[in-house]
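1. Coordinates for the following, if possible.
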Amino acid sequence: MKRLLLILILTLSFQNWTKADDISDFQIEGMSVGDSLLDYFNESEIKDKINSYQDKGYKFKFNDFYALTFKKLAKFDEYESVQIYLKDKDKTFKIQALAGLKYYKDNIKDCYFDLKNIKKSFDVMFANSRRVGDGKKRKHSHDKSGESTTLDYYYYLKNNNYEFISIVCSDWSKKMNIIDSFQVQISSYKFGDFLTNKAYK
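-> Here you go, the predicted model:
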């Protein structure tokens, strides 16, 4: 029952996306790429979140962008947490990418089942986009041991390799101490370019 509810929520939440023409038209929990994070959190809340991380949110080898994750907030209707990517030293806190996450503790098979159904909806919604993903699991780039895997699909909305919407199931090894999850992510051109050409070099 919970699985069916999740599929219903995720599918319905993307119904209006078929009418969107630009990456900034898409929303996750009311937030869009290109918005200022200050429209949703005050500066003190943002800085407190940054300072709550030992690495200040810099999760990549290069510090061009950093990530803030807000979990289980009352204002969230659809996702258990939202991860937001911001450009280094940008005092306007412009959102470059964002992701909504749902967690599958010790239950990755249900994530795969839900991903399959969500993909069917996305294939229809984004029929004119370029889809990347062959349905095979691959090693997760964040786990250098190679024991964690990801199953993902990317939908590139324009004639470039950078602006995208992705759906992902991440199966983390026990050593990583991260809960398995489903994620939908929206990325700007700048952040997509960084991920493709620099983040993991």
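2. so what's Asp25 closest to, chain neighbours aside?
-> When the adjacent residues along the chain are set aside, Asp25 lies closest to Ser32, with 7.2 Å between them (CB to CB, 6 or more residues apart in numbering). (Each C-beta comes from the backbone N, C-alpha and C, glycine too.)
3. thought the one you found was touching Ser24?
-> Yes - with contacts defined as CB atoms under 8 Å, Ser32 counts as touching Ser24 at a distance of 5.2 Å.
4. Quick one: the helices in the protein, in order.
-> Defined through DSSP state H, the helices belonging to the chain, from first to last, are 2-13, 43-51, 108-125, 189-197.
5. ok, and for the third one, which residues are buried?
-> In other words, helix 108-125. Judged by neighbour count using 16 or more other CB atoms under 10 Å, the buried positions of helix 108-125 are 108, 111-112, 114-115, 117-119, 121-122, 125.
6. what does the second one give?
-> Within helix 43-51, the residues that count as buried by 16+ other CB under 10 Å are 46, 49.
7. which intervals of this structure have sub-threshold pLDDT?
-> Within the chain, the stretches falling below the threshold (pLDDT under 70) are 1-21, 159.
8. mind giving me the domain split of it?
-> The chain breaks down into these domains under automatic domain parsing: 23-100, 101-197.
9. Quick one: neighbours of the closest residue to Gly146 other than its chain neighbours, just the number.
-> Using CB to CB, 6+ apart and skipping residues adjacent in sequence, the residue nearest Gly146 is Lys139, 4.8 Å away. With neighbours defined by other CB atoms under 10 Å, the count for Lys139 comes to 13.
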